[in-house]
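Chemist: using only what follows, build the 3D model:
(chains A, B, C and D)
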2 protein chains.
Amino acid sequence: MYKKVLIAEDFDSINIAVEQTLKDLGVQEIQYAKYCDDAILKFKKALQDHQPFDLLISDLSFVEDYREVTIASGEELIQAIKEIQPTINIIVYSVEDKPYIIKTLFDEAQINGYVKKGRNSISQLKTAIETLLYGKTFISPELTHALQDKTGKEIDNYDITLLSHLANGVAIEEMETLFKHLNITPNSKSTIEKRVAKLKDYFKANNNIHLIAITKDLGII
Amino acid sequence: MYKKVLIAEDFDSINIAVEQTLKDLGVQEIQYAKYCDDAILKFKKALQDHQPFDLLISDLSFVEDYREVTIASGEELIQAIKEIQPTINIIVYSVEDKPYIIKTLFDEAQINGYVKKGRNSISQLKTAIETLLYGKTFISPELTHALQDKTGKEIDNYDITLLSHLANGVAIEEMETLFKHLNITPNSKSTIEKRVAKLKDYFKANNNIHLIAITKDLGII
DNA sequence: AAGTATTTTACGGGAAACCGTAATTGGGAG
DNA sequence: CTCCCAATTACGGTTTCCCGTAAAATACTT
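Modeler: Below is the predicted model of the structure:
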């Protein structure tokens, strides 16, 4: 069993339950952080003391409050921790169910397990931890389809910037000027229009409004 | 202290933490339901047995799964329970922070307390329960401003239907036909355009796309 | 270096959105 | 019943979006 585990999770109620779960599994040392910044500090400290963590259980979204933070999301936290401790095992424990996001986590951030918060997530979390011990990866059964998602391959950063600006009220007319100003290419009105058309086609949207509604629901923007 | 409390909450991790909290407070009988349908059944049963619940702690959103449900949201559940047991005390425990939604809960559904899930929500939940015992209402400190929200008064159901259809890709052109078909009035293209213009003005949106992005973020649609 | 393919840009016509104004309706007040 | 006010509808002009075609630029091959 893992000896030293950090829980990165803002909600106190969930922290309580996860901590209890780890205790039940026989984890000796359990720490938790309600802010990503605290989590990275604890990781650094543990490395310095030559007593590194051997598992991170992290949420993805952390609500903002009065406190200024440098790391705001679980994605950033995972990346930062991987940099200082590349061999760390990571389980993401989140409500997020957008295929695009989950697939990216496995492909880019190289996480080892994904447990979706839900009606039976605590028992899933236990299974995930045991699966990781055998060197395998885990994903909540209801999300296995997420790994087959192809959105990530088809939609690139350009598309996402474009969609974001659209959602922020930038008209197509203004987009050309804006993109030139931001040094984003291609930036001609024509290409931008074509790209939007491609996205509408891809997401089967009737018009731009519909497109933004869909991509917002999918969590792409 | 309350004697018999029901927790309506789909996430097992949060259920565990809330149950523990209630135990700490000395609540004698604690039951929980992961589906709204189960919650209403338990309430009916308790009434029949002349041992009614005296407090409901409910979430707002319940994720869908394979099971068919008749009551899908916390809002509906609260309304249904109020009908069979109007004097029940209710605390909503949710991540929701949209002023529009919270204000409606206090004004329309007559809830007694609102605790926002967060970094210190368990201690807030304890305070909320104690506050209710003195016959007062409770709201998480970071949300007190929500009760001053005026969106609810300005935006009516007509606006919300209109916005929803827009988000679903219905063009203004088609909206007139659709509204006539659905017996929604007013339904002239002109009035619909005016209403959309009013909404854009109200939400300071540059265009319809922006409007949908904003209202989606606010949780109005 | 020339040829080919792909991407980007330019342009234009038709459709829809946008926005102001004016006509019409319908529900109280007197 | 008539007047008045507000809400709804009708209409027209301007702008923006939408979408196709064609030209230009860039990348890729041989």
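
Chemist: when you work out contacts or count neighbours from here on, use the C-alpha atoms and nothing else.
Modeler: Noted.

Chemist: contacts only, for the spatially closest residue to A:S61 that is not a sequence neighbour.
Modeler: Beyond its immediate neighbours in the sequence, the residue positioned closest to A:S61 (CA to CA, 6 or more residues apart in numbering or on different chains) is A:S73, lying 5.4 Å away. Contacts for A:S73 (CA atoms under 8 Å, 6 or more residues apart in numbering or on different chains) come out as A:C36, A:L60, A:S61, A:F62.

Chemist: list just the nearest of those residues to DNA strand D.
Modeler: When these are compared for distance to DNA strand D, the smallest value, 31.9 Å, is given by A:S61; criterion: CA to the nearest atom of the strand.

Chemist: if I look at that closest one, how far off is A:E173?
Modeler: Here the distance between A:S61 and A:E173 works out to 34 Å (CA to CA, to the nearest Å).

Chemist: these two - which one has more neighbours?
Modeler: With neighbours defined as other CA atoms under 10 Å in any protein chain shown, A:S61 and A:E173 compare such that A:S61 has more, 16 against 12.

Chemist: for the more buried one, which residues are in contact?
Modeler: By CA under 8 Å, 6+ apart, the contact set of A:S61 is A:A72, A:S73, A:G74, A:S94.

Chemist: neighbours of A:I84, how many?
Modeler: A:I84: 13 surrounding residues under other CA under 10 Å.

Chemist: before we move on, what about A:H181?
Modeler: With neighbours defined by other CA under 10 Å, the count for A:H181 comes to 10.

Chemist: mind checking which of the contacts of A:S61 are buried?
Modeler: For the contacts of A:S61, a burial check counting by 16 or more other CA atoms under 10 Å in any protein chain shown picks out A:A72, A:S73, A:G74, A:S94.

Chemist: now, which of the residues you listed lie within helices?
Modeler: The subset of the buried ones among the contacts of A:S61 located in helices under the criterion DSSP state H comprises A:G74.

Chemist: and of the buried ones among the contacts of A:S61, the nearest to chain B?
Modeler: Taking CA to the nearest CA as the measure, chain B sits nearest to A:S94 out of the buried ones among the contacts of A:S61, at 11.0 Å.

Chemist: tell me the pLDDT at that closest one?
Modeler: The predicted structure scores A:S94 at 96 on the pLDDT scale.

Chemist: and A:I101, what is it in contact with?
Modeler: Counting by CA under 8 Å, 6+ apart, A:I101 touches A:G219.

Chemist: check what pLDDT it gets.
Modeler: 85.

Chemist: pull the helix or strand where it lies out as CSV, backbone CA atoms only.
Modeler: Assigned by DSSP states H and E, A:I101 belongs to helix A:99-107. C-alpha atoms of helix A:99-107 as CSV (Å, rounded to 0.1, in the frame of the first residue of the first chain):
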residue,chain,number,x,y,z
PRO,A,99,-14.1,13.3,-22.8
TYR,A,100,-11.9,16.0,-24.2
ILE,A,101,-10.5,16.9,-20.8
ILE,A,102,-10.1,13.4,-19.5
LYS,A,103,-8.3,12.1,-22.6
THR,A,104,-5.9,15.0,-22.5
LEU,A,105,-5.1,14.2,-18.9
PHE,A,106,-4.1,10.6,-19.8
ASP,A,107,-2.3,11.6,-23.0
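
Chemist: and it, how far out from the chain's middle?
Modeler: Centroid separation between helix A:99-107 and its chain, computed with CA atoms, centre = their mean, to the nearest Å, is 8 Å.

Chemist: can you list the strands that the helix or strand following that helix pairs with?
Modeler: Toward the C-terminus, helix A:99-107 is succeeded by strand A:113-116 as the next helix or strand (DSSP H and E). Partner strands for strand A:113-116, per DSSP bridges, with pairing direction: strand A:90-94 (parallel), strand A:138-139 (parallel).

Chemist: model confidence over the shortest one, on average?
Modeler: Which is strand A:138-139. Strand A:138-139 carries an average pLDDT of 96.

Chemist: so for DNA strand D, which of the strands paired with strand A:113-116 sits nearest?
Modeler: When the strands paired with strand A:113-116 are ranked by proximity to DNA strand D, the top entry is strand A:90-94, at 34.8 Å, counting by CA to the nearest atom of the strand.

Chemist: could you check the angle helix A:99-107 makes with that closest one?
Modeler: Angle, strand A:90-94 to helix A:99-107, by axes from the mean of the first three to the mean of the last three CA atoms, to 10 degrees: 160 degrees.

Chemist: pull the CA atoms of strand A:90-94 into CSV?
Modeler: Presented in CSV, the C-alpha positions along strand A:90-94 are these (Å, rounded to 0.1, in the frame of the first residue of the first chain):
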residue,chain,number,x,y,z
ILE,A,90,-1.5,10.5,-9.9
ILE,A,91,-5.2,9.8,-9.5
VAL,A,92,-7.6,12.6,-10.5
TYR,A,93,-10.8,12.6,-8.5
SER,A,94,-13.2,15.1,-10.1
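
Chemist: how about the residues of chain A by DNA strand D?
Modeler: If contacts are counted using CA under 7 Å from any atom of the strand, the residues of chain A sitting beside DNA strand D are A:V170, A:A171, A:I172, A:E173, A:E174, A:S190, A:E193, A:K194, A:A197, A:N207, A:N208.
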